[in-house]
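Colleague: what's the 3D shape of this:
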Amino acid sequence: MEQMKRILIVEDDEGVRRELEALLQNAGYEAIVLQDFMNSKAEILRVNPDLVLLDINIPGLNGEMLLHELRKDSQVPVIMVTSKTSEVDEVLSMSYGADDYITKPYNPTLLLLRVGAILKRVGSAGVAQSQTYRDLKVNAAKGILARGEEELFLTKNEMIIFQHLLDKRNSIVSRDDLMTDLWDNDEFVNDNTLTVNISRLRAKLADFGYEDAIETRKKQGYILI
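Modeller: Okay, the predicted model is just below:
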């Protein structure tokens, strides 16, 4: 029998917290509520959940800074759940490594679909076969590109994009194909999110010595070379 997925709720509003906890439990997940906001990063690492629902406005470090710190030690999938609707907040969250972003009042069905899609992608990455790109070894399950002792860590979304481009290497991959692969359903695609993830992935590869890895073909898509 498959083990129940553990989802950690990082939310200081008790009403919203209870609502999320009930929603997740009714959907068959193990819902855990963060209690110690002054040591939130340590608590997330200790709990070691399969996914984190993270509010931006929390005591101590705000959610965006907490995510930034968390990404130094963990690639656990993170969905930002927030009342903020500014595009700047969404872009900042994604640039810090969020896998998705949903605003309050959220649609419960949409939230569960996004949770399920991310967990499905994580599970699929775990059974992916070992691959290489140039002189890099690709570990899709861990989101790592390795060159000898050096390791480049990618977020889940960055790894999905890189894996798709790698599978279609030297062929043009359209934005629609990438967005479908990311979100599993065209209805819930956020085009800006894809742009942010592509830019972040390209920058990471450039810093690792592969400035020319992803080429943009205007009006067509992207190609990994």
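Colleague: can you map out the strands along this structure?
Modeller: 6-10, 30-33, 51-54, 78-82, 100-103, 131-133, 136-139, 144-147, 150-153, 214-217, 221-224 (DSSP state E).
Colleague: What lies in contact with the third one?
Modeller: In this case it means strand 51-54. Outside strand 51-54, the residues that touch it by CB atoms under 8 Å, 6 or more residues apart in numbering are 5-11, 20, 44, 63, 66-67, 70, 76-81, 98, 115, 118-119. Where C-beta positions appear, they are placed from N, C-alpha and C, glycine not excepted.
Colleague: in this protein, which segments are predicted with low confidence?
Modeller: Under the criterion of pLDDT under 70, the regions of the chain flagged as low confidence span 1-2, 84-93, 123-130, 183-190.
Colleague: For it, just list every one of the helices.
Modeller: 14-26, 40-47, 63-70, 87-95, 108-126, 156-167, 175-183, 191-207 (DSSP state H).
Colleague: would you list those helices in TSV and tack on mean neighbour count and distance to Tyr133?
Modeller: Shown next, in TSV, are the helices of the chain (neighbours: other CB atoms under 10 Å; distance: least, CB to CB, whole Å):
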stretch	mean neighbour count	distance to Tyr133
helix 14-26	15	36
helix 40-47	16	29
helix 63-70	20	26
helix 87-95	18	23
helix 108-126	16	15
helix 156-167	22	6
helix 175-183	18	17
helix 191-207	17	9
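Colleague: Could you export those helices to TSV, including columns for distance to Lys219?
Modeller: TSV is the format used below for the helices of the chain (distance: least, CB to CB, whole Å):
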stretch	distance to Lys219
helix 14-26	41
helix 40-47	41
helix 63-70	33
helix 87-95	23
helix 108-126	27
helix 156-167	18
helix 175-183	10
helix 191-207	14
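Colleague: nearest to Lys137, of these?
Modeller: Comparison of these against Lys137 by CB to CB identifies helix 156-167 as nearest, at 11.9 Å.
Colleague: packing partners for the closest one?
Modeller: helix 108-126, strand 131-133, strand 136-139, helix 175-183, helix 191-207, strand 221-224 (3 or more CB pairs under 8 Å, 6 or more residues apart in numbering; DSSP states H and E).
Colleague: now the angle between helix 191-207 and the fourth one, please.
Modeller: Regarding helix 175-183 and helix 191-207, their directions subtend 90 degrees when assessed with axes from the mean of the first three to the mean of the last three CA atoms, to 10 degrees.
Colleague: Could you name the helices and strands sitting against helix 175-183?
Modeller: Secondary-structure packing of helix 175-183 (3+ CB pairs under 8 Å, 6+ apart): helix 156-167, helix 191-207, strand 221-224.
Colleague: wait, which of those is closest to Asp50?
Modeller: That would be helix 156-167 among these, by CB to CB, at 11.4 Å.
Colleague: Figure out how far that closest one is from the centre of its chain.
Modeller: 12 Å (CA atoms, centre = their mean, to the nearest Å).
Colleague: Next: stretch 203-221.
Modeller: How far stretch 203-221 lies from its chain's middle: 20 Å, per CA atoms, centre = their mean.
Colleague: Right, I'll leave it there.
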